[in-house]
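Peer 1: sequence first, then the predicted structure, then my questions.
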Amino acid sequence: MTGWTEFAIAMAFFMLSHRIPAALGVKESLVGMLGPNGYTALFSLISVALLYWLIVAAARAPFVPLWDQTVAARWGVNIAMPVAIALGTFGVAAPNPFAFEGRATGFDPDRPGIAGVTRQPLLWALLLWSLAHLWVNGDLAHVILFGTFVLFSVLGMQIVETRRRQAMGAAEWARLTRHTGLWPFAALVSGRWRPVGLPPPGRLALAIGAWATLWYLHAPVIGFSPVP
């Protein structure tokens with residue numbers, strides 16, 4: 001299997017894994033068998049495994065340089081990644097009926113939590129991750145890889161927001177989103193939201209631990225040191 005062939009197959013498998021379960025009704029069957037938490041755990045494991053294969057396949061593809069890596073780009077990744085990890089950590093399974101990774105139960109529109117920062121924390125995390133790595137990796141395979149994820153996250157926000165708005169109806173959407181925003185901290189800047197209390201300490205500790213683990217394992221697992 002050539003480098004480009006493996007890369008194309010890995011990309012196809014990753015994208016299809018996020019489309020086929022819902023389109024063919026596989027998701028509903030697995031949720032019925034495993035429960036929502038079990039399905040989420042299984043889907044997450046498969047997604048991480050396919051993502052790792054895709055990243056490795058991109059590294060194996062023929063190197064076609066488009067722009068040089070700079071110190072500024074390496075610093076950019078190190079600044080963006082803690083923010084991306086925090087968004088993902090605080091977003092997954094949090095009370096947030098607007099995002100696919102959030103919980104519909106327990107949401108208080110007057111105290112929206114992470115939805116006050118952004119209604120789509122995980123997709124913003126993906127966008128930050130992909131933009132930062134697109135900047136620092138200027139070869140063709142990685143531009144295709146991270147450029148695809150940029151489009152995936154941007155289009156995903158549009159699709160999820162539209163579907164949730166249609167499902168809730170205009171009046172309910174307006175009621176629930178009055179203290180939230182799609183753009184990060186837009187509700188805070190506009191005065192529609194003010195944080196109440198400190199972030200949950202458990203999630204904060206998890207975010208710091210996840211960042212430290214990924215930073216430490218980046219070189220041995222991915223093959224490149226994150227040190228600027």
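Peer 2: Right, received. Where do you want to start? Residues are numbered from 1 along each chain as shown.

Peer 1: so after the lowest-mean-pLDDT helix or strand in the chain, what's the next helix or strand?
Peer 2: Of the helices and strands making up the chain, the lowest-confidence element is helix 20-23, at a mean of 72, by mean pLDDT, DSSP states H and E. Using DSSP states H and E, the helix or strand that directly follows helix 20-23 along the chain is helix 26-60.

Peer 1: for the spatially most central residue of the chain, which non-adjacent residue is closest in space?
Peer 2: Nearest to the geometric centre of the chain sits L126, at 3.2 Å (C-alpha atoms, centre = their mean). Leaving aside its sequence neighbours, L126 sits nearest to S153 (C-beta to C-beta, 6 or more residues apart in numbering; 4.3 Å). Just so you know, the C-beta spots here come from the backbone N, C-alpha and C atoms, and that holds for glycine as well.

Peer 1: what sits against the one you found?
Peer 2: By C-beta atoms under 8 Å, 6 or more residues apart in numbering, S153 lies in contact with 123-124, 126-127, 130.

Peer 1: that older thread, what's the residue nearest to the centre of the chain sitting at in phi/psi?
Peer 2: Dihedral pair for L126: phi -60, psi -40, per degrees, to the nearest 10.

Peer 1: hmm, L155 and it touching each other?
Peer 2: No - contact criterion C-beta atoms under 8 Å: L126 and L155 do not qualify, at 11.4 Å.

Peer 1: list the buried residues for whichever strand or helix holds L214?
Peer 2: Take DSSP H and E as the rule and L214 turns out to sit in helix 201-217. For helix 201-217, a neighbour-count test (16 or more other C-beta atoms under 10 Å) marks 203, 206-207, 211, 215 as buried.

Peer 1: with stretch 151-167 instead?
Peer 2: Buried, per 16+ other C-beta under 10 Å, within stretch 151-167: 152-153, 156-157, 160-161, 164.

Peer 1: which one of those residues sits closest to W53?
Peer 2: Minimum distance to W53 across the buried residues of stretch 151-167 is 16.6 Å, recorded for F152 (C-beta to C-beta).

Peer 1: on that earlier part again, out of the buried residues of helix 201-217, the closest to I46 would be?
Peer 2: Once C-beta to C-beta is applied, the member of the buried residues of helix 201-217 that ends up nearest I46 is L206, at 21.4 Å.

Peer 1: verify the stated contact: the closest one with T89.
Peer 2: Yes - under the criterion of C-beta under 8 Å, L206 is in contact with T89, at a separation of 5.3 Å.

Peer 1: that older thread, just the buried members of the contacts of S153?
Peer 2: For the contacts of S153, buried by 16+ other C-beta under 10 Å: 123-124, 126-127, 130.

Peer 1: what separation is there between the residue nearest to the centre of the chain and I46?
Peer 2: 16 Å (C-beta to C-beta, to the nearest Å).

Peer 1: endpoints of stretch 181-198, how far apart?
Peer 2: Start-to-end span of stretch 181-198 (C-alpha to C-alpha, to the nearest Å) is 20 Å.

Peer 1: with that, I have no additional questions.
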